[in-house]
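> Here's a sequence, model it:
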Amino acid sequence: MICLCWAAACVFPIFTLMGGTMQPVVMLWQPAVIGGLFIVGQLFTLLAVARGDVSIAAPVLGVKVLLVPAASQFFVDDELSRRVWIAAALAVAGIVCVQARDAHVDRSRVAASIVFAFLAACAMTLFDLLIQRWAPAWGAGYFLPIAFMCAALLSLVFLQLADRPEDLRGRRALRPLLVGAVLMAVQAMGMTVTLGVFGDATRVNIVYSLRGIWGVVLTWVLAHKVLDSSTKNSHRTMVMRLIGAALIGVSVVISVT
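Sure thing, here's the model as predicted:
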């Protein structure tokens, strides 16, 4: 999480070239809140995976696609049509299908998966909606770099809990960790800049759910080229994932047309 926050803090200053309107110092609490919500969302996501089961946590995290339109009327006064609600529901159903897997789920981890993933979804829902509400006054070019610098500074609270670099090198985990942090920072960059410039958090989240399709395609490719037969998914699982990908695709078409 620390690597992710600092990677984002290093990447986002590029967007200062977009310009904006610097707000008074007393308004710095707004990007600080966004930075704090980002930390909370990432923390609960990591806890959901580490202490729960990813096959449960991932679909629960997908509930964010419904939480955003449900909460938008309280934060950004968006009036959503029935079409958008249908699209959001289809996206959630698709996400659940895409996460189908063969492995048996440890029931002792179910509660942790649901609780932590739902808290993460709530935190990231507020994160998206408050960016849509506050960023226009600042301009995305000023608001987002400040917000992610706040997130990076707040992440230092967890420094005592982090593994030392030499330990990560010993486990050959340092390079993958850094690459993953940069890729997640790029993902955060695309999502938040879109929200900051264009708003419409509901449709942005529906379109963002397309990542489930790329996950299915990548899994299928790896299953045939990299994985051995004992780790390949069953035909039923892959069919479920294709159905989920189709539902997500339909939801995107419905939401943007």
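
> Wait, residue 127 touches residue 37, no?
Yes - contact status for residue 127 versus residue 37: in contact at 4.2 Å, counting by C-beta atoms under 8 Å. For glycine as for every other residue, the C-beta is placed from the backbone atoms N, C-alpha and C.

> Neighbour count: these two, which is higher?
Neighbours of residue 127 and residue 37, each counted by other C-beta atoms under 10 Å, are more numerous for residue 127; the result is 26 against 22.

> Need the phi and psi values for that one.
When read as degrees, to the nearest 10, the backbone of residue 127 gives phi -60, psi -50.

> Residue 156 against residue 2, yeah?
Yes - judged on C-beta under 8 Å, residue 156 makes contact with residue 2 at a distance of 7.3 Å.

> Compare these two and say which is more crowded by neighbours.
Neighbour comparison, residue 156 and residue 2: the larger count goes to residue 2, with 17 against 12 (by other C-beta under 10 Å).

> can you map out the helices along the stretch 101-250 of the chain?
For the stretch 101-250 of the chain, the helices defined by DSSP state H, counting those that start in this stretch occupy 110-138, 140-155, 165-170, 174-198, 201-208, 211-225, 235-256.

> okay, those helices in CSV with distance to residue 23 and mean pLDDT next?
CSV is the format used below for the helices of the stretch 101-250 of the chain (distance: least, C-beta to C-beta, whole Å; pLDDT from 0 to 100):
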stretch, distance to residue 23, mean pLDDT
helix 110-138, 6, 88
helix 140-155, 8, 89
helix 165-170, 37, 52
helix 174-198, 14, 78
helix 201-208, 21, 81
helix 211-225, 33, 64
helix 235-256, 32, 74
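
> which one of those lies closest to residue 93?
The closest approach between residue 93 and any of those, judged by C-beta to C-beta, belongs to helix 235-256 at 5.3 Å.

> list the helices and strands the closest one packs on?
Helices and strands in packing contact with helix 235-256 are listed as helix 82-98, helix 201-208, helix 211-225; criterion 3 or more C-beta pairs under 8 Å, 6 or more residues apart in numbering; DSSP states H and E.

> Could you tell me how far it lies from the centre of the chain?
The offset between the C-alpha centroid of helix 235-256 and the centroid of the whole chain comes to 19 Å, using C-alpha atoms, centre = their mean, to the nearest Å.

> Okay, buried residues for that helix please.
By neighbour count with 16 or more other C-beta atoms under 10 Å, helix 235-256 contains the buried residues 237-238, 240-242, 244-252, 254-255.
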